[in-house]
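1. Got a sequence here, can you model it:
(2 chains)
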Amino acid sequence: MGAPLRTFAVAVALLAPPVTHDVVPVYVNAAGTGFVSEYVVTNGPPHAGLTSALRVFRRPRSPFRDLLPADLQQQVQFMVQAGFVADPRGSRLLLSRAGVRIYGLPASHGQACAFLLPEIRMECWSALQHGATPVVDARLDV
Amino acid sequence: MTFADGSVRATVGANAFYLRLPPHVVVPERIVVSDRDGARHVYTVVRCQVQTGDRPFIPVFNPLTPPLPPSSC
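-> Coordinates of the predicted model:
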């Protein structure tokens, strides 16, 4: 009676996807408070060409929904650093909820950027930590 | 995302998710991401202490990979 159950348990263990473990550093000042209160993650498989790996960049771009606001397009175009360029013409709306919007932008060398509004803040990555790259900002007001 | 006294599920978008930290939480303890295929990715959050007078480490525009955490992490 017990043997089939053990066999089943072993089979499940072998088929279960592995669990990955990573460490996310979060900057907190000596008073124990941080700077802003948002938390953003771009999710997808680990890949050297991150833009091509993310599904959202493979779907057709909506000229309205995915459009980064015009003033922000200009700001992104000023962001040239060490040959790094993010392209607002390829923007995609990743998430919109309760006044918060996150746009994804393709960038140089296959990197992908996440543009957070209303903070007007951008983070870029060339690869992910396993399944995602969490960005955690500690709260200021605790 | 888990804290000392519970957990909260983030809003999921297209290749992104977002969660505003609850009012009493400075940083989460752990983030768990589950893929569609069932794979789980666990991220342990570690606080990095910096000096109070330091400029915020995350500038408005940060197109490059953030710097490595200080040795206090």
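2. which residues of chain A fall in helices?
-> A:2-15, A:50-53, A:70-77 (DSSP state H).
3. residues contacting the closest residue to chain A within chain B?
-> Closest residue of chain B to chain A, C-beta to the nearest C-beta: B:G13 (2.8 Å). Where C-beta positions appear, they are placed from N, C-alpha and C, glycine not excepted. B:G13 makes contact with A:93-97, A:102 under the criterion C-beta atoms under 8 Å, 6 or more residues apart in numbering or on different chains.
4. partner residues bridging B:H41?
-> A:T20, B:V33 (DSSP bridges).
5. Before we move on, what's the pLDDT of it?
-> Turning to B:H41, the model gives it a pLDDT of 90.
6. which residue does chain A bring closest to chain B?
-> Taking C-beta to the nearest C-beta, chain A has A:L95 as its residue nearest chain B, at 2.8 Å.
7. In this structure that residue contacts B:Y18, no?
-> Yes: the pair A:L95 and B:Y18 passes the contact test of C-beta atoms under 8 Å, sitting 5.5 Å apart.
8. Just give the number of residues close to the closest residue to A:V100 other than its chain neighbours.
-> Leaving aside its chain neighbours, A:V100 sits nearest to B:Y18 (6.0 Å; criterion: C-beta to C-beta, 6 or more residues apart in numbering or on different chains). B:Y18: 23 surrounding residues under other C-beta atoms under 10 Å in any protein chain shown.
9. For A:P60, see how far away B:Y18 is.
-> 24 Å (C-beta to C-beta, to the nearest Å).
10. Could you do A:F115 as well?
-> Taken as C-beta to C-beta, the span from A:F115 to A:P60 is 20 Å.
11. could you list every residue that touches the residue lying closest to B:A39 once chain neighbours are set aside?
-> Sequence neighbours aside, A:P17 is the residue nearest to B:A39 in space, at 3.6 Å (criterion: C-beta to C-beta, 6+ apart). By C-beta under 8 Å, 6+ apart, the contact list for A:P17 reads B:35, B:37-40.
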